[in-house]
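Asker: Below are the sequence and a predicted model; questions follow.
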Amino acid sequence: MSAAVLAAEDAAALVEGLLDAGVRCWVMGGWGVDALLGYATRPHHDLDLFVAVHDLPAAVDRLRDLGFVRAHEWEENRTVAVRERLCDTAFVERHPDGREVDVHGLHVGAGRARPAAADPWDLPDGALDAVGEIAGRPVPCVTADAQRALHRGYELPGTHLEDLRRLAALATPPRWTDTAEG
């Protein structure tokens, strides 16, 4: 099956649905960059999310309610027990229409977040402190510094290099030049 496009409205609705189910989640990846920018820069086939480890059961249950099924566990996946339920920490859920949600569990506490899977990411302090916008709606997302940390340790495809360029522009304050003489 070819990858479907996950429209902005669908991405925002998925995040809202998870939040409504009590799931602490943060948008990252392509939609995370776009959320920080406040507009869609390109089509996305998936929504990348960090989910608090203790909320993984509720996240999977909510995605099941929406018709998503397990498509893949990532190599870095680790299984953890959450309230006597075994949960994967790095996986992809796919809807029959081809939309995907890529979930990575996080241990969250005391202003720090660390991956529950064997992900190589060293997230900076305050990594989960950003609020972005998708389809005109606010969504919790990782900071620009955290996005940069997530783009290390692998060969970056062109879309990811472009994401980093956009993040660099976002982090750089505008330079005003006074052309008036006087």
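Answerer: Right, received. Where do you want to start? Numbering: from 1, shown residues only.
Asker: Give me the helix or strand of this protein that scores worst on average pLDDT.
Answerer: Taking mean pLDDT, DSSP states H and E as the measure, the helices and strands of the chain show their lowest mean at helix 158-171, namely a mean of 78.
Asker: which parts of that helix are buried?
Answerer: 160, 163, 166, 167 (16 or more other Cβ atoms under 10 Å). To be clear about C-beta, it is placed using only N, CA and C from the backbone, and glycine gets the same treatment.
Asker: pLDDT at the most centrally placed residue in the chain, what is it?
Answerer: By Cα atoms, centre = their mean, the chain has its centre lying nearest to residue 28, at 2.4 Å. Note on residue 28: pLDDT of 95.
Asker: Tell me which stretches of this protein form helices.
Answerer: In the chain, the segments counted as helices under DSSP state H are 8-20, 29-37, 56-65, 144-150, 158-171.
Asker: any low-confidence regions in the chain?
Answerer: For the chain, the stretches flagged by pLDDT under 70 are 1-3, 153-154, 156, 171-182.
Asker: hmm, back to that, closest to residue 140 among the buried residues of helix 158-171?
Answerer: residue 167 (17.5 Å; Cβ to Cβ).
Asker: can you tell me which residues contact that closest one?
Answerer: Remark: with contacts taken as Cβ atoms under 8 Å, 6 or more residues apart in numbering, residue 167 is in contact with 33, 36, 144, 147, 148.
Asker: Verify the contact between the first one and residue 166 for me.
Answerer: Spelled out, it's residue 33. Yes. Under the contact definition of Cβ atoms under 8 Å, residue 33 touches residue 166, with a separation of 6.0 Å.
Asker: Tell me the spacing between the closest residue to residue 118 other than its chain neighbours and residue 88.
Answerer: By the measure of Cβ to Cβ, 6 or more residues apart in numbering, the closest residue to residue 118 outside its immediate chain neighbours is residue 76, 4.1 Å from it. Counting by Cβ to Cβ, to the nearest Å, the gap between residue 76 and residue 88 amounts to 10 Å.
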